[in-house]
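*Asks:* Whatever this is, show me its structure:
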Amino acid sequence: MSSNRKVRIEDEDEDGDITLENLVEDRDYSMGGDRSERARQENQALIDELERKKRARSMAVPTDDAKAPDRRDRLRYVLSQIAAARGGDMSDVESESEESAEEEEEFYTPGSLELLESRRRIAEYSLPRARDRIAQQREQSKIPLSRTIDLRKRVFAELKTFSILGSQIADERPVSQIRFAHDGRTLATGSWSGNVKVWDIPSCTVKKVFNHAHTDLVGGVAWHPSADLGDEASTACLASGGGDSLVKLFSMKESKAIATLRGHQGRVCRVNFHPSGAYLGSASFDGTWRLWDVQTQSELLLQEGHSKEVYALSFQDDGALVSSGYQIATGSGDDTIRIWDMRSLKALHTIPAHKSNVSDIRFFRQTASSTSKAADHAMEMESDEMEDVKPVVATPPAQTTGVDGTEDIKPTITPGVPPGQRYHPSDDKYRTGLYFISSGYDGLVKIWSADDWHQVKALATDAGKVMSVDISNDGSFIASGSWNRSYQLFAGENVNV
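*Replies:* Predicted coordinates for the structure are as follows:
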């Protein structure tokens, strides 16, 4: 530095005007000239483009076709340009696109006039029954607790006496499903050979054979809720679904199907009649379930929604829902049964039920006719002895060991309950839903309490894998279909055979 420059800085320091410490750093400067300004703008444009591409690469673009890469790049470019023009970032554009996608997701499928009419009929059928069910539940809630416990202990005491009556060879291949008719004395079996057979219970003699009802295995059989079981009845009383993607209807008069329902694109697993008997539901491996008009044999509804095969289908007793009350039980290949609350959509309890796959589950449902028969029988048996009956009170149940090594409930009888709080034969109408049965590949049929989910009884079949199980509407018989081509029949000690 020259001596003159040094003298000037020292002079300015002495005056206190400018020092090295109080100099302000100024980055907002220009070297002058149009060339430097143009270069700065070009550099800024390059930086903005790099930032835009960085945001575009992080975007999720929904597209799924052969030209996906080109369309994805173009869409990212357009969206990034929109965001740049708005002066925002990509999140705003993405949120708007997601909102618009959700708005466009809702759609309606035109329905037929037949479907509209069927919905009206279902409503007319279900609403009065729902009203009656609610009224009965209110009436039941007023019953003294000791009287309710007395009924349940009596029911479980009867179930404890169940034992095997016999076994019957049913077909040349495994029995895939077994179902009781509404009279509790007629049984239908479906097998992997494609045959459907009707049996008399408890004699276990064949009443009707539908040979080669299906060209592939039978997945499900179902009885009409008010089936005419006479030998000359020509109306549809039985339905079946098979691996040939067909649903068939049968009558007791004909030796072959009276109607074939076509539409499924995959194996039909289960079929079930609507409680009114006017409609039939079917579940299939094609991922859909369908509703059919029994009288016209036409398809009313094709319902999608499942991402995989639909294995089972059941109608609520009122007929309003394709479900089963507030609580349902599911069986799984993990050897457990789960109890679900349909109101909260949560699993309430998990039962380690079988030592191998759980193949079937059936809640006990008592029909009006079977309720009246049971009440009449109970009145005859107890009309003269009602005051001498030792009622059951709420005492801890004793335990016994079942055939599978687990503990079974053993009801405890204790006197001392006033007559007004004792069991009465009219209470039999409240038996519905008190227990359910299950079958498993461990060769066992089990009875479970629907109160605390404890095992009431385990029944050995000695038949290998148990494929299906069912209980008659009056609770007298339990039947199971097995892998070894036979079915087994169980009954309590008080059942007249």
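*Asks:* For stretch 457-477, could you pull out the residues that count as buried?
*Replies:* 457-459, 461, 463, 465-477 (16 or more other Cβ atoms under 10 Å). Every C-beta, even on glycine, is put in place using the N, C-alpha and C of the backbone.
*Asks:* Could you list the low-confidence segments of this protein?
*Replies:* Scanning the chain for pLDDT under 70 picks out 1-35, 56-72, 84, 86-108, 320-333, 335, 341-345, 368-427.
*Asks:* In it, spot the helix with the most residues.
*Replies:* Looking across the chain with DSSP state H, the single longest helix is helix 113-141.
*Asks:* May I have the helix or strand just after that helix exported as CSV, CA atoms only?
*Replies:* Proceeding N to C from helix 113-141, the next assigned helix or strand is helix 145-160, under DSSP states H and E. Presented in CSV, the C-alpha positions along helix 145-160 are these (Å, rounded to 0.1, in the frame of the first residue of the first chain):
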residue,chain,number,x,y,z
LEU,A,145,-80.6,-63.5,35.8
SER,A,146,-81.1,-66.7,37.8
ARG,A,147,-83.8,-67.9,35.3
THR,A,148,-81.5,-67.2,32.4
ILE,A,149,-78.6,-69.1,34.0
ASP,A,150,-81.0,-72.0,34.7
LEU,A,151,-81.9,-72.2,31.0
ARG,A,152,-78.3,-72.1,29.9
LYS,A,153,-77.1,-74.7,32.4
ARG,A,154,-79.9,-77.0,31.2
VAL,A,155,-78.9,-76.5,27.6
PHE,A,156,-75.3,-77.2,28.3
ALA,A,157,-76.2,-80.3,30.4
GLU,A,158,-78.1,-81.7,27.4
LEU,A,159,-75.1,-81.0,25.1
LYS,A,160,-72.8,-82.8,27.5
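*Asks:* which helices and strands sit right next to the longest helix of the chain?
*Replies:* strand 289-293, strand 298-303 (3 or more Cβ pairs under 8 Å, 6 or more residues apart in numbering; DSSP states H and E).
*Asks:* Name every strand pairing with the shortest one and say which way it goes.
*Replies:* Read that as strand 289-293. Strand 289-293 pairs in its sheet with strand 279-284 (antiparallel), strand 298-303 (antiparallel), by DSSP bridges.
*Asks:* hey, which of these is tucked in deepest?
*Replies:* Scoring the strands paired with strand 289-293 by mean neighbour count under mean count of other Cβ atoms under 10 Å gives strand 279-284 as the most buried, with a mean of 26.
*Asks:* Contacts for that strand next, please.
*Replies:* Contact with strand 279-284 is made by 118, 122, 220, 222, 239, 241, 245, 247, 249, 261, 264-274, 289-294, 300, 309-313, 315, 322, as judged by Cβ atoms under 8 Å, 6 or more residues apart in numbering.
*Asks:* still on that earlier bit, identify each buried residue in the longest helix of the chain, please.
*Replies:* Those would be 118, 122, 125, 126, 129, for helix 113-141 by 16+ other Cβ under 10 Å.
*Asks:* Which residues are in contact with the third one?
*Replies:* Read it as residue 125. Applying Cβ under 8 Å, 6+ apart to residue 125 gives the contacts 275, 276, 319.
*Asks:* now residue 307
*Replies:* Contacts of residue 307 by Cβ under 8 Å, 6+ apart are residue 287.
*Asks:* where does it land in three-state SS?
*Replies:* Classification of residue 307 by DSSP: H, G, I helix; E, B strand; the rest coil places it in coil.
*Asks:* any idea how far residue 288 is from it?
*Replies:* Distance, residue 307 to residue 288, by Cβ to Cβ, to the nearest Å: 12 Å.
*Asks:* sorry, back to before: in ChimeraX, how would I select the buried members of the contacts of strand 279-284?
*Replies:* Only the buried entries of those go into this ChimeraX selection, using 16+ other Cβ under 10 Å:
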select :118,122,220,222,239,241,245,247,249,261,264,267,268,269,270,271,272,273,274,289,290,291,292,293,294,300,310,313,315,322
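*Asks:* Filter the contacts of strand 279-284 down to just the ones in strands.
*Replies:* 220, 222, 239, 241, 247, 249, 261, 268-273, 289-293, 300 (DSSP state E).
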